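**Q** Provided below for reference: sequence and predicted model.
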Amino acid sequence: MTQQPKLSIVTPIFNEESNIPELHRRLGVVLQELALPYEIVYVDDGSSDRSAELLRELAGSDPRVIVILLSRNFGHQLALSAGLDHARGDAVVLMDSDLQDPPEVIPEMVGRWKEGFDVVCARRTTRPGESAFKRGTAFIFYRLLRSIALVDIPADTGDFRLLSRRAADALRSIRERSRFLRGLVSWVGFRQSEVLFDRPARSSGESKYRPFEMIRLATTAAYSFSRAPVWLLGVAGTVVCLGSAIALLLGASALASGLFFLGGVQLIGLWVVGQYVAIIADEVRERPLYLVRESLNYQSSLSRPANEA
């Protein structure tokens, strides 16, 4: 590329062969209308379908397409981080590749950036095509997290957002391994705004966030941005102790149930503490966040990311 991009689009890819052509077409229409020098950074997160092959074809036909092929599946948050590390634009848009983050919202985000905002979050107003269970748990999760977090994490926002270059560089400087990017973006601060959009139903394929991955992301958010788990453990211990004392004063004989209850609280306590210990262990090992198997069309005047193999 001979022209430094003003706008970078970063999107992780994991088994999205059915969505890549339409995603790229719609991105092309939107970015042409913006009339800004741009690049699209696709990060293949160890796909097992034809996603990597399709991305190679796109990179071969357009030098503005940057393809980063990771050595294996590292997960959504780390794939986004890899794309952010390789993005060179003055503004960087993070978005999913399943077309539930509509490219047509990008011009409004760019407009807010031109007004002087460093972070522009896209907040979902509707979630069609999702089960009542998923909508309900997402509603509860965001509001519960916001009430216990040490930073203000906007509700109903995913990873679809725009970052100015200084906000992107600040986020890049954080190399912790248990990553919840939405919380980290709030932590770095700067001037933040939001745009509203109706989230469309997934057009094809299936969500890569299984219930287990959703639970793991939620616990990562809680442990990374709140001390509530430890506080709740202390409250549980206090309640158990007071309950035992009151039961003893009232002459109750519930030894067996009391022992089982106390044992349960102790196990919960060990689990909470164990989670923190596991996070600390991951950090002190200092393994790279990800490893790159191959990159296409990537030429940078900046220092090359240290995580490339």
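**A** Received the coordinates, thanks.
**Q** what is the helix or strand encompassing V67 packed up against?
**A** Using DSSP states H and E, V67 sits within strand 65-70. If you count contacts as 3 or more Cβ pairs under 8 Å, 6 or more residues apart in numbering; DSSP states H and E, strand 65-70 packs onto strand 38-44, helix 51-61, helix 76-86, strand 292-296. Every C-beta, even on glycine, is put in place using the N, C-alpha and C of the backbone.
**Q** the inter-axis angle of the first one versus helix 76-86?
**A** Strand 38-44 and helix 76-86 are oriented at 140 degrees to each other (axes from the mean of the first three to the mean of the last three Cα atoms, to 10 degrees).
**Q** neighbouring contacts of strand 38-44?
**A** Here strand 38-44 makes contact (Cβ atoms under 8 Å, 6 or more residues apart in numbering) with 1, 5-14, 20, 24, 27, 31, 51-52, 55, 58, 64-70, 79-80, 82-83, 86-89, 97.
**Q** which of the residues you listed are buried?
**A** 5-14, 20, 24, 27, 31, 51-52, 55, 58, 64-70, 79-80, 82-83, 86-89, 97 (16 or more other Cβ atoms under 10 Å).
**Q** please pull out the lowest mean pLDDT helix or strand from the protein.
**A** helix 211-225 (a mean of 58; mean pLDDT, DSSP states H and E).
**Q** mind putting the helices and strands packed on strand 65-70 in JSON lines, distance to D198 and mean pLDDT included?
**A** Compiled in JSON lines, these are given as follows (distance: least, Cβ to Cβ, whole Å; pLDDT from 0 to 100):
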{"stretch": "strand 38-44", "distance to D198": "24", "mean pLDDT": "94"}
{"stretch": "helix 51-61", "distance to D198": "27", "mean pLDDT": "92"}
{"stretch": "helix 76-86", "distance to D198": "22", "mean pLDDT": "91"}
{"stretch": "strand 292-296", "distance to D198": "34", "mean pLDDT": "90"}
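**Q** what ranges do the helices span in the chain?
**A** Taking DSSP state H, the helices of the chain run over residues 20-34, 51-61, 76-86, 106-114, 132-148, 165-172, 181-188, 211-225, 228-249, 255-285.
**Q** for the ones you listed, which has the smallest mean pLDDT value?
**A** Here the lowest mean pLDDT among the helices of the chain goes to helix 211-225, at a mean of 58.
**Q** quick one, domains of the chain?
**A** For the chain, automatic domain parsing gives the domain ranges 7-207+288-296, 224-285.
**Q** just the pLDDT at the closest residue to E194 other than its chain neighbours, thanks.
**A** Nearest non-adjacent residue to E194, counting by Cβ to Cβ, 6 or more residues apart in numbering: C121, 4.5 Å away. You'll see C121 listed with a pLDDT of 86.
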